[in-house]
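A.B. asks: Got a sequence here, can you model it:
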Amino acid sequence: MFQPGKLQNYLTQISEQRSPVEDTLKRNIFIYGMWLLAIPALIYGAIERGFSAFSQSAINAHDISYCMIGLIILMAWVCIGLAEDRSESEGLPGTQLVQTQTIPFDSTCIAQQSYRLPFPSLCQIYHLLNLKHLEDVHRFSLGNLKVIKVSHFQETQAGGHLRFKTVLDSPFNVLRLWRDPSVDVDLTIHSPHQIELKVPAYGQKFIRVLFNVIPVNSEEHYLCIQMFSDLRWPKELLKAILLLAASLTLLEDLPYLQHLAKRNYKQMVKQPQRRRNPSQAMQLFHRYVDLYADQHSTAHLGSLPQPQRYRPALP
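C.D. replies: Okay, the predicted model is just below:
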């Protein structure tokens, strides 16, 4: 017999399981993807009308006008760009703290995203410093990228620096647009709340991603992703590509972070050195634990240490 009460409880459970962050990321992927797809569509339309206008014995004024309209719309589309989406970052205390942090390099921020995630901050740190997640978690977005070896590891006063080689297996990998198939990637801990990923691009250029992980309480944290680049691409085009990539990778991260949160993650910082994973891919996380493990026992937004200027270690 149909019971409305059970149906209502079932619908309530579904709504509670649905993550607002996941909905936001899917919306962002749709918006950025549609914006990018419109550019080749407008270019094709303008070129097709241009060929049609000049392929006849007499120039067709209607086709010329359509071609010009398409080019004007394309220029306006690229110049106006994407509206800055501040719905996730407005009023977030974590974002305010990130803005006071000193960026450890001279560059201009191309794009930025901020989210409040329902996972302990240590899960995010573990995820960012574990190199194997690039192969396993981001198999789709990174196109079967492979981590070949760790070529360099150095401890610093504020954290540490790790260099590892990555290879793009597939010849159709979209990452080939701005990087060689095999490059050395740098991963650096600048502070207890700031991790940098530096990826070489063509022509001695770089793409830098700065992850700011700000704990709120034992079960939540703010994640602010800042993306920098000196590539000489149209700024709005590069911004859309970086925002699309960041949204897609974070969407892939959510199930993995949820899995980590269900584990006894506190054991990751209390584990004695003799029982640690000897893998080179985990060296940077072990360095983080040695320096900042005590802060995760009581850390929350109101008791975070004051941001300090980053000083690179002397060679």
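
A.B. asks: so who does residue 130 touch?
C.D. replies: Contacts for residue 130 (Cβ atoms under 8 Å, 6 or more residues apart in numbering) come out as 281, 282, 285. Any C-beta I mention is one placed from the backbone N, CA and C, and that applies to glycine too.

A.B. asks: And it, its phi and psi?
C.D. replies: When read as degrees, to the nearest 10, the backbone of residue 130 gives phi -100, psi 110.

A.B. asks: Please apply the same query to the one 10 residues further on.
C.D. replies: Here is the backbone geometry of residue 140 (degrees, to the nearest 10): phi -80, psi -50.

A.B. asks: okay, now it: neighbour count?
C.D. replies: 10 (other Cβ atoms under 10 Å).

A.B. asks: What sits closest to it if chain neighbours are left out?
C.D. replies: residue 252 (6.8 Å; Cβ to Cβ, 6 or more residues apart in numbering).

A.B. asks: Show me what counts as buried in the helix or strand containing that neighbour.
C.D. replies: Per DSSP states H and E, residue 252 falls inside helix 235-262. Within helix 235-262, the residues that count as buried by 16 or more other Cβ atoms under 10 Å are 235-236, 238-254, 256-257, 260-261.

A.B. asks: With stretch 43-53 instead?
C.D. replies: 45, 46, 49, 50, 53.

A.B. asks: Tell me which residues touch residue 261, please.
C.D. replies: Per Cβ under 8 Å, 6+ apart, neighbours of residue 261: 119, 120, 123, 219.

A.B. asks: Pull up the per-residue confidence for it.
C.D. replies: Looking at residue 261, its pLDDT stands at 85.

A.B. asks: What separation is there between it and residue 203?
C.D. replies: 41 Å (Cβ to Cβ, to the nearest Å).

A.B. asks: Spell out, range by range, the strands that occur in this structure.
C.D. replies: All strands of the chain, identified by DSSP state E, fall at 109-117, 145-155, 160-168, 182-191, 194-200, 206-217, 220-229.

A.B. asks: now stretch 115-124, how far from the centre of its chain.
C.D. replies: Taking Cα atoms, centre = their mean, to the nearest Å, the mean C-alpha location of stretch 115-124 is offset from the chain mean by 14 Å.

A.B. asks: show me where pLDDT drops low in the stretch 101-250 of the chain?
C.D. replies: The model of the stretch 101-250 of the chain has pLDDT under 70 over residues 101-106, 170-174.

A.B. asks: how much space is there between the closest residue to residue 198 other than its chain neighbours and residue 146?
C.D. replies: Spatially, and ignoring its direct neighbours in sequence, residue 198 is nearest to residue 186 (4.1 Å; Cβ to Cβ, 6+ apart). For residue 186, the distance to residue 146 equals 17 Å [Cβ to Cβ].

A.B. asks: Between those two, point out the one with more neighbours.
C.D. replies: With neighbours defined as other Cβ under 10 Å, residue 186 and residue 146 compare such that residue 186 has more, 16 against 13.

A.B. asks: isn't the more buried one right up against residue 166?
C.D. replies: No - contact criterion Cβ atoms under 8 Å: residue 186 and residue 166 do not qualify, at 11.1 Å.

A.B. asks: So which residues of the stretch 1-150 of the chain form helices?
C.D. replies: With helices called from DSSP state H, counting those that start in this stretch, the stretch 1-150 of the chain shows them at 4-17, 20-54, 61-80, 93-100, 121-129, 133-136.

A.B. asks: And the last one, what does it pack against?
C.D. replies: Pointing back at helix 133-136 there. In terms of contacts (3 or more Cβ pairs under 8 Å, 6 or more residues apart in numbering; DSSP states H and E), helix 133-136 is packed against strand 145-155.

A.B. asks: Which strands and helices lie in contact with the strand it packs on?
C.D. replies: Against strand 145-155 (3+ Cβ pairs under 8 Å, 6+ apart) you get helix 133-136, strand 160-168, helix 283-292.

A.B. asks: the inter-axis angle of that strand versus helix 283-292?
C.D. replies: When axes from the mean of the first three to the mean of the last three Cα atoms, to 10 degrees is applied, the directions of strand 145-155 and helix 283-292 differ by 40 degrees.

A.B. asks: quick revisit: including distance to residue 73, could the helices and strands packed on strand 145-155 go into a markdown table?
C.D. replies: Shown next, in a markdown table, are these (distance: least, Cβ to Cβ, whole Å):
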| stretch | distance to residue 73 |
| --- | --- |
| helix 133-136 | 39 |
| strand 160-168 | 34 |
| helix 283-292 | 47 |
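
A.B. asks: Which of these sits closest to residue 115?
C.D. replies: Nearest to residue 115, of all the helices and strands packed on strand 145-155, is helix 133-136, at 17.9 Å by Cβ to Cβ.

A.B. asks: Could you export the closest one as CSV, CA atoms only?
C.D. replies: Only the C-alpha atoms of helix 133-136 are listed here, as CSV (Å, rounded to 0.1, in the frame of the first residue of the first chain):
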residue,chain,number,x,y,z
HIS,A,133,46.1,10.6,-7.2
LEU,A,134,47.0,12.3,-10.5
GLU,A,135,46.9,8.9,-12.2
ASP,A,136,44.0,7.3,-10.3
